[in-house]
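Chemist: Provided below for reference: sequence and predicted model.
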Amino acid sequence: MVTFDLWMKLTVNASQLLDEIDSDRAFLDELGSVTCITWPQKEYVSNILQRRERNVKLLEFLTRRSVADFQKFISVLAKEQAHLVPLLITDGGETFLCNSSKLLKQPFTFGVFLSGG
């Protein structure tokens, strides 16, 4: 299973990742070849028509795998879609905090999140 930090980064940046990961057959083949997903998982995801839905299932499978497998995913992503890697390996991204009836858009950092500040 992925670590809490990786899970938080996926949660915070999920919408952008789900929209932008290009999970075409070649990308999925590469993920299968480095064994960060199994071949049956790759085939299952490949058969989903809508890209966002493919990405939902792909990330679901990845979060159930080991941290080492998730690191393999990041390596493949760095090679194929490098612009998305900062969403997973930095404290970047955004979170929306509720303040009365308004949503305040703020940069996300783990220090602020964990300290409650």
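Modeler: Now that the structure is in, tell me what you want to look at.

Chemist: can you map out the strands along this protein?
Modeler: Secondary structure of the chain (DSSP state E): strands located at 94-99, 102-107.

Chemist: how near is S23 to L77?
Modeler: S23 is 11 Å from L77, where distance means CB to CB, to the nearest Å. Quick note: C-beta positions are derived from backbone N, CA and C, even for glycine.

Chemist: wait, V85
Modeler: Applying CB to CB to V85 and L77 gives a distance of 6 Å.

Chemist: could you do L88 as well?
Modeler: For L88, the distance to L77 - CB to CB - is 7 Å.

Chemist: one more: V12?
Modeler: 17 Å.

Chemist: more neighbours: which of the two?
Modeler: Using other CB atoms under 10 Å as the criterion, V12 and L77 rank with L77 on top: 23 against 20.

Chemist: which residues does that one contact?
Modeler: For L77, the contact set (CB atoms under 8 Å, 6 or more residues apart in numbering) comprises 21, 84-85, 88.

Chemist: go with 6 Å
Modeler: Applying CB atoms under 6 Å, 6 or more residues apart in numbering to L77 gives the contacts 84-85.

Chemist: quick check, pLDDT for it.
Modeler: Looking at L77, its pLDDT is 93.

Chemist: with the one 5 residues further on instead?
Modeler: Note on A82: pLDDT of 92.

Chemist: quick check: phi and psi at D24.
Modeler: phi -80, psi 170 (degrees, to the nearest 10).

Chemist: can you tell me what sits against stretch 20-30?
Modeler: Contacts of stretch 20-30 (CB under 6 Å, 6+ apart): 42, 45-46, 54-55, 58, 76, 80, 84.

Chemist: list only buried entries from those.
Modeler: 42, 45-46, 54-55, 58, 76, 84 (16 or more other CB atoms under 10 Å).

Chemist: any chance of these in CSV with distance to T35 as columns?
Modeler: Below are the buried ones among the contacts of stretch 20-30 laid out as CSV (distance: CB to CB, whole Å):
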residue, distance to T35
K42, 10
V45, 15
S46, 16
R54, 19
N55, 20
L58, 15
V76, 11
L84, 21
